[in-house]
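Asks: Fold the following for me, if possible:
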Amino acid sequence: MPPASAPAASTKPVKAEYVVTDTGNKVSRRSQLHGTQHVILGGRTVICADVCIRADLVPTRPPSSQDPSKPAKSSTSVAIGRYTYVSSGALLRPPSRPSRATYAYGPLKIGDHVFIGKDCIIEAAMIESHVWIGEGAVVGKLAILKEGCKILEGTVVPNGMVVPSGAVVGGRPGRVVGELGVGWGVGVGGEEVEGGDLRELWRSVGG
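Replies: From the prediction side, this is the model:
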């Protein structure tokens, strides 16, 4: 009896892990983007596997006073700048506040060259450019992170906290525990460093 032949190899092409957009954004097929029409990716941003972006929680304006029957207008929920890196398991959600027995949502704005670590929860109003957020950190509702600051791993930034430029924040609840030294974020020869240029990190992610 002749030996059984090996099963034929599948000719079905394997899809790449990341979808690459016209502006160079790299979005994992295993990420969850809710309300994609309300998301702006500035270009060459990386969205890793298991990231969840809740852009379906749309900021709204009150109906026009001239026409009360006209529905509220929606706007961008989540805007992310260039060369920003959102690590696996992170949750990005527009900040909310109580409003007449319900919740009103405001936009979440993130600048350029921002690093968001694994399993972070982000509900900030604004994260400016060159901010480094460590793994497992929670950035509370309506918090503002100024340019060039660092959030340590596992930190819980309180709701509404304004983190100044150059500050290091740690703890639960988070507080300023130090300052970044001169030269933080400056790499040599294009190398990736905390708070620095994230072009090389973007290039390292397969399309």
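Asks: Mind giving me the packing neighbours of the helix or strand of the chain with the lowest mean pLDDT?
Replies: Least confident helix or strand, the chain: strand 96-99 with a mean of 80, by mean pLDDT, DSSP states H and E. Contact analysis of strand 96-99 by 3 or more Cβ pairs under 8 Å, 6 or more residues apart in numbering; DSSP states H and E lists strand 102-105 as its packing neighbours. Yep, even glycine has a C-beta here, placed from its N, CA and C like the rest.
Asks: Adjacent strands (with direction) for the strand it packs on?
Replies: Strand 102-105 has its sheet partners listed here by DSSP bridges as strand 96-99 (antiparallel).
Asks: got a list of contacts for the partner strand?
Replies: 57, 103-106, 123, 141-142 (Cβ atoms under 8 Å, 6 or more residues apart in numbering).
Asks: one more time with 6 Å, if that's ok
Replies: Residues from elsewhere that reach strand 96-99 (Cβ atoms under 6 Å, 6 or more residues apart in numbering): 103-105.
Asks: and that strand, which residues are buried?
Replies: Residues of strand 96-99 classed as buried: residue 96 (neighbour count, 16 or more other Cβ atoms under 10 Å).
Asks: Now it - C-alpha only, PDB.
Replies: Output of strand 96-99 as PDB, limited to C-alpha atoms (Å, rounded to 0.1, in the frame of the first residue of the first chain):
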ATOM      1  CA  SER A  96     -16.600  62.200  29.800                       C
ATOM      2  CA  ARG A  97     -18.400  64.300  32.400                       C
ATOM      3  CA  PRO A  98     -22.000  64.200  33.700                       C
ATOM      4  CA  SER A  99     -24.500  66.300  31.900                       C
END
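Asks: any idea how far it is from the chain center?
Replies: Distance of strand 96-99 from the chain centroid (Cα atoms, centre = their mean, to the nearest Å) equals 21 Å.
Asks: again with stretch 119-138
Replies: Using Cα atoms, centre = their mean, the offset of stretch 119-138 from its chain centre is 7 Å.
Asks: ditto for stretch 36-46
Replies: Worked out by Cα atoms, centre = their mean, stretch 36-46 lies 10 Å from the chain centre.
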